[in-house]
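>>> predicted structure and sequence below. I'll ask about it afterward.
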Amino acid sequence: MTIQFNDESFRDDYSFYNSERAIKRFPFPFHEDSYMYSVNMEQHRGGPKDSVYEKRFDVDEHYVSEMRDRALVLADDPLRCQSLPHMTLAGWDLLELIMVSKSEDYPDLFELHRDGNTWRWINKPLGIDDTFTFLDEATLPYGPMEYITRQAQGDFAVLDQRDDNLWMDAGMVTTQADWSLDFDIGMNFFEWHAPVPLAHEKGIFVRALKFLLNIQQGAPARRLNWTMTVNPLLDTSPENYHKWGIQKTTLTPENIGAKQHLRVELQTFFRLPRSNALVFPIRCYLCSFQDLMTVPKWGRRLHRVVRDLPVELATYKGFIANRPMMLDYLENFDDGLPTSPGIWPDLETEPPLKT
Amino acid sequence: MSGAEKIAVTVTDIVPLNDLVTRFEFKRTDGGPLPTFSGGAHTVVEMRDGDTTRLNPYSLMSDPMDQSAYTISVRRDDQGRGGSLYMHTKVAVGDEMVISYPVNLFSLDLRAKKHLFLAGGIGITPFLAQIKQLERFNGHWELHYASRTESLGSYVDELTSHHPNETHIYYDDQKQTIDLVNLLEGQPLGTHVYVCGPKGMIDWVRQTAAAEGWPREAIHYEEFLAPQPGKPFEVKLAVSNKVISVGENESLLEAMERAGVDAPYLCRGGACGQCETNVIDYSGNFIHRDHWLDDEEHAGGQKIMPCVSRFEGKTLVLDR
């Protein structure tokens, strides 16, 4: 399928929008009418046609604009991209993984031609045609991780594996839900997850780490995570909290449908072959409440999830103050009918909203 | 499904190296490239020997960047349960086999300023791949390799001719031994130590390094245990509601698989922890042989690693 790339912004005038197709394929994160943490991992090997699960690295209508936004963030703050010296090999692993995956999965958009270590990479949407020597940093304009992640949607945490733990030793992080690579760099799995409430007590992180340490080559995994964002901001970083935090107070009953966005992360996990490191791509999808409400099942379910979420989680996810206003809006789309299990919109089978 | 992803391969070369060790080369049966890997990784080779299926881990020793073929070296164990004997006597060039994707439980610490390798016997194999990986990136390494005799010294000639300054060879029958205390004392800051060989050698290196004040994180070791034969015993599997008997020459893990119970595993050699299983009830004695559980857990009677450990007694009920 040829993708029509949007010309849009994630700052200032917020001209970001989702097409009808993008709404239908939005990764709605709730498989039932309530939410609690769990080790909700599954194998990442394809999924329904045109869903965000179908390809190894999903490319959608926001690609070109997201890459433009990333370049703006990096120009302001180069520390959003860091790689400790021992992680260069993992960077090459990641470059290879993304180039091979995208050229195989989107042959009309990306081409990779390899002749030994001489590689030619063509990225048509971004107008790039570069020839370089694989494993020779001097032949690329940036380090290998930075080079390829300036051309790939989503954040990338590249984790070294040693001493039965994972270490945040490299990454490209410009579209994050309020965490900082510059703060977390060099930390291990338990250290960087320390601020998360409730999950430690439930033993979630011990089990999650055990799962991640055992992810093997050829068997990637995935999960969804979510939060709430006012205005379609990709860069909700602690570094820029003074710019976006205040925007949460601009919500009104009149503008909430357009301004309040559900922010979903498609998190995937791949073992990197040459370095034995683990890459953790965190791909952010945004959808406004009013667009979500066009899917009756999602309207019913989102109301119930937001209403019943424990206070700790609503606080941690940053929307406890706006929750009453959200519920006033969302209850208009919940007629009390039961919902079908699973995350898919089920537009053909779910009844329309009773009015 | 348990274990790593599988690859269909064809045996393309078999080279006997000495009385005990034979090298096997595998290429993908469909002609495609094999995955690259990191030095220290192993593959699990499936051996279909009549009604018995054995899955044995072997370190990959070929160049990790070479996607055309993998090589492994197999040491014949005449007292073992037959996996290595099967490789030595039944496998021929042209045979089709199934191996797993590479799994690395003995990875280089890429932060190290220097890598000090200590090999005993067939324990040389993971270092052969790690050396090729480090050579490509101008890594700093040194190898001390102990073999019983000159004639059993697999790959000694290749190592000493390609890397005369980095390679140091010791023959037991000539009373040559690694002067470990002095060797450790002479290392620059930032050195990591890797040891692969018999259990006695691994324990000696770990204890000596600890006594010399080396940090635990700087000492890396790998020993795959082959499951040992033992007296047959019965096990009740509570979740699958089955009673199975473990034969003399099979492991508890293999007996579960034979009964159609999908039990997790990766290394099948007591190292990775994947097959850890909770004990619900028992009356008798465990024969723990793994490196995964600590001494307290071995004494506790709550857990067993079915890939290498056995049981003697009246009742054993497992949460599987």
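Yes, it's here. Residues are numbered from 1 along each chain as shown, chains lettered A, B, ... in the order given.

>>> list the contacts of A:R25.
A:D50, A:S51, A:V52, A:D60 (Cβ atoms under 8 Å, 6 or more residues apart in numbering or on different chains). All C-beta atoms are positioned from the backbone trio N, CA, C, and that covers glycine.

>>> show me which positions of stretch A:74-87 end up buried.
A:L74, A:R80, A:C81, A:Q82, A:S83, A:L84, A:H86, A:M87 (16 or more other Cβ atoms under 10 Å in any protein chain shown).

>>> nearest to chain B among those residues?
Top of the list for closeness to chain B, among these and by Cβ to the nearest Cβ, is A:H86 at 4.0 Å.

>>> how about the buried residues of stretch A:74-87, which pair is most distant?
A:L74 and A:H86 (22.6 Å; Cβ to Cβ).

>>> contacts only, for the residue positioned nearest the centre of chain B.
Nearest to the mean C-alpha position of chain B, by Cα atoms, centre = their mean, lies B:F224 at 3.2 Å. With contacts defined as Cβ under 8 Å, 6+ apart, the neighbours of B:F224 are B:H42, B:P57, B:C267, B:R268, B:G269, B:G270, B:A271.

>>> looking at the residues you listed, state which has the most neighbours.
B:H42 (31 neighbours; other Cβ atoms under 10 Å in any protein chain shown).

>>> that one pairs with what?
Taking DSSP bridges as the rule, B:H42 bridges to B:S59, B:V103.

>>> and it, how far from B:V15?
Separation of B:H42 from B:V15 (Cβ to Cβ, to the nearest Å): 20 Å.

>>> cool, B:F311 as well?
40 Å.

>>> more neighbours: these two, which one.
Shown here are B:F311 and B:V15; by other Cβ under 10 Å, B:F311 has more neighbours (24 against 11).

>>> so the more buried one belongs to a strand, correct?
Yes. Assessed with DSSP: H, G, I helix; E, B strand; the rest coil, B:F311 lies in a strand.

>>> got a list of what it touches?
Here B:F311 is in contact with B:F233, B:V235, B:V246, B:L252, B:Y282, B:G284, B:N285, B:F286, B:I287, B:I304 (Cβ under 8 Å, 6+ apart).

>>> in strands only, show me these.
B:F233, B:V235, B:V246, B:Y282, B:G284, B:N285, B:F286, B:I287, B:I304 (DSSP state E).

>>> and which of the residues you listed is nearest to B:T125?
Nearest to B:T125 among the ones in strands among the contacts of B:F311, with distances taken as Cβ to Cβ, is B:I287, at 27.5 Å.

>>> per-residue pLDDT, that closest one?
Per-residue pLDDT puts B:I287 at 94.

>>> same question, A:N40
In this model, A:N40 carries a pLDDT of 76.

>>> over to B:C272?
Per-residue confidence (pLDDT) for B:C272: 79.

>>> which stretches in the stretch 151-300 of chain B count as helices?
B:156-162, B:180-185, B:199-211, B:252-258, B:295-300 (DSSP state H, counting those that start in this stretch).

>>> so which of those helices is the most packed in?
Ranked by mean neighbour count, the helices of the stretch 151-300 of chain B are led by helix B:252-258 with a mean of 22 (mean count of other Cβ atoms under 10 Å in any protein chain shown).

>>> show me what it is packed up against.
strand B:52-59, strand B:233-237, strand B:242-246 (3 or more Cβ pairs under 8 Å, 6 or more residues apart in numbering or on different chains; DSSP states H and E).

>>> mind listing the strands for chain A?
Under the criterion DSSP E, strands of chain A are mapped to A:42-43, A:81-83, A:110-115, A:118-123, A:128-133, A:155-162, A:165-172, A:221-230, A:260-271, A:278-288.

>>> out of those strands, which is closest to chain B?
Judged by Cβ to the nearest Cβ, the one of the strands of chain A that comes nearest to chain B is strand A:155-162, at 5.5 Å.

>>> for chain A, give me its nearest residue in the stretch 151-300 of chain B.
B:E217 (5.1 Å).

>>> how about the residues of the stretch 151-300 of chain A near chain B?
Listed as neighbours of chain B in the stretch 151-300 of chain A under the rule Cβ under 8 Å from any Cβ of the partner chain: A:160-163, A:214, A:216-219, A:273-276.

>>> farthest-apart pair in these, please.
A:D163 and A:G218 (24.5 Å).

>>> which of the two has more neighbours?
A count of neighbours by other Cβ under 10 Å puts A:G218 above the other of A:D163 and A:G218, at 16 against 12.

>>> hmm, B:A4 and the more buried one touching each other?
Yes. With contact defined as Cβ atoms under 8 Å, A:G218 reaches B:A4; the gap is 7.0 Å.
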